[in-house]
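Novice: pasting a predicted model and its sequence here:
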Amino acid sequence: MQTARVGPSEWLWKEGGGYYTDRSDDLVLRPVLPDMRRVRDWRLFQVFELHGGLVPGSRVLELGCGRSPWLPFLARHVGCRVTGIDIEPHAAELARANLRGAGASGEIVCGDAFKPRDHDGLLERFDLVYSMGVMEHYADVVERLSVLAAYLRPGGRIVTTVPNLQGVNWLMQRLGDLRTLRAHVVYDTQALVEVHEAAGYRTIASGYVGFFDGHVTSAAGTTSDFRRGLHCCVCRALGRCSKAWVRLTGGRATPELSWAAPHVFFAGRLVPDAKAETGR
């Protein structure tokens, strides 16, 4: 398997880098949560529901959890015991604030998720490890996925979603800025399955998630006010068109297409003895 080429992305997650626009105080007052009236959020929840193996009391770990809307949702609406980990102190604080604002309990750890031996209290503890928009930033993704097995209990599962930067979304990100586009590996379903299976996971399901989201791309890396403004206007227009279509069709004509859906997902289970086979 060839190593993917990807540009640096650490700048995105820094405070003021462009990805996180919320403040902790605001999240405490107005927490960000999934909206089940939105096609994207509803279908992401279906991935958890159908393929995550979650039941009340399940232990769940989110990697790259900054300002996570899903940790408080899974805690309150599914009854999971949730933990998040993020390497950026600012992002970790946003996750804590969002949990507080939503009235959900959970643990947020600031540290490198890909160094599990630095987090002994988290080893072999979780029924599900998931990430949303993390793994596409790494060239050595197979190695990183393989070390995440250390967090899983026997029979534990992994769910990974990455932005679908094919088709319309690729064009939109190209309009937004090249720096952000180059900070991502572009995955289709086959490629996402291949890296997980190479890391020792058995596929449960994979596919595209959501109908279309005009705001899946970003202009955070551009210094051009014109390009940023143009990207914002086009995103807003496409987002409104998508919402209008969903209302018009009652949510029925919303296929998850490779050239339009906002996310690609993988759900899998650790292959028996995979930890031993890889020396973990």
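Specialist: Right, received. Where do you want to start? Numbering: from 1, shown residues only.

Novice: convert stretch 173-192 to PDB, retaining C-alpha atoms only.
Specialist: This file holds the C-alpha atoms of stretch 173-192, laid out as PDB (Å, rounded to 0.1, in the frame of the first residue of the first chain):
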ATOM      1  CA  GLN A 173     -12.500  23.100  -1.100                       C
ATOM      2  CA  ARG A 174     -10.400  24.100  -4.200                       C
ATOM      3  CA  LEU A 175     -12.400  27.400  -4.200                       C
ATOM      4  CA  GLY A 176     -11.900  27.900  -0.500                       C
ATOM      5  CA  ASP A 177      -8.100  27.300  -0.400                       C
ATOM      6  CA  LEU A 178      -5.500  24.900  -1.500                       C
ATOM      7  CA  ARG A 179      -3.700  24.900   1.800                       C
ATOM      8  CA  THR A 180      -6.600  23.300   3.600                       C
ATOM      9  CA  LEU A 181      -7.200  20.800   0.700                       C
ATOM     10  CA  ARG A 182      -3.600  19.700   0.800                       C
ATOM     11  CA  ALA A 183      -3.900  19.100   4.600                       C
ATOM     12  CA  HIS A 184      -6.300  16.200   3.800                       C
ATOM     13  CA  VAL A 185      -6.000  12.800   2.300                       C
ATOM     14  CA  VAL A 186      -8.900  12.300  -0.100                       C
ATOM     15  CA  TYR A 187     -10.700   9.000   0.700                       C
ATOM     16  CA  ASP A 188     -13.300   7.000  -1.000                       C
ATOM     17  CA  THR A 189     -14.900   4.000   0.600                       C
ATOM     18  CA  GLN A 190     -12.500   1.400  -0.800                       C
ATOM     19  CA  ALA A 191      -9.400   3.400   0.400                       C
ATOM     20  CA  LEU A 192     -10.900   3.900   3.900                       C
END
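
Novice: in that stretch, what's buried?
Specialist: Of the residues in stretch 173-192, those scored as buried under the neighbour-count criterion (16 or more other Cβ atoms under 10 Å) are 173, 175-177, 179-181, 183-187, 189, 191-192. (C-beta placed from N, C-alpha, C; glycine too.)

Novice: now swap in stretch 209-224 and tell me
Specialist: Under 16+ other Cβ under 10 Å, the buried positions of stretch 209-224 are 209-214, 216-222.

Novice: wasn't Glu62 part of a strand?
Specialist: Yes - the assignment for Glu62 by DSSP: H, G, I helix; E, B strand; the rest coil puts it in a strand.

Novice: apart from its chain neighbours, what residue comes closest to it?
Specialist: Leaving aside its chain neighbours, Glu62 sits nearest to Gly84 (4.6 Å; criterion: Cβ to Cβ, 6 or more residues apart in numbering).

Novice: list the contacts of the helix or strand harbouring the one you found.
Specialist: Applying DSSP states H and E as the criterion places Gly84 in strand 81-86. Applying Cβ atoms under 8 Å, 6 or more residues apart in numbering, the contact partners of strand 81-86 are 57-66, 68, 71-72, 74-75, 92, 95, 104, 106-111, 113, 119, 122, 126.

Novice: quick one: low-confidence parts of this protein?
Specialist: Within the chain, the segments meeting pLDDT under 70 span 1-4, 273-280.

Novice: where along it do the strands fall?
Specialist: Taking DSSP state E to define them, one finds strands in the chain at 59-63, 81-86, 107-110, 126-132, 152-163, 201-209, 263-270.

Novice: so for the fifth one, what gets flagged as buried?
Specialist: To tie it back to what came earlier, the one meant is strand 152-163. 152, 156-163.
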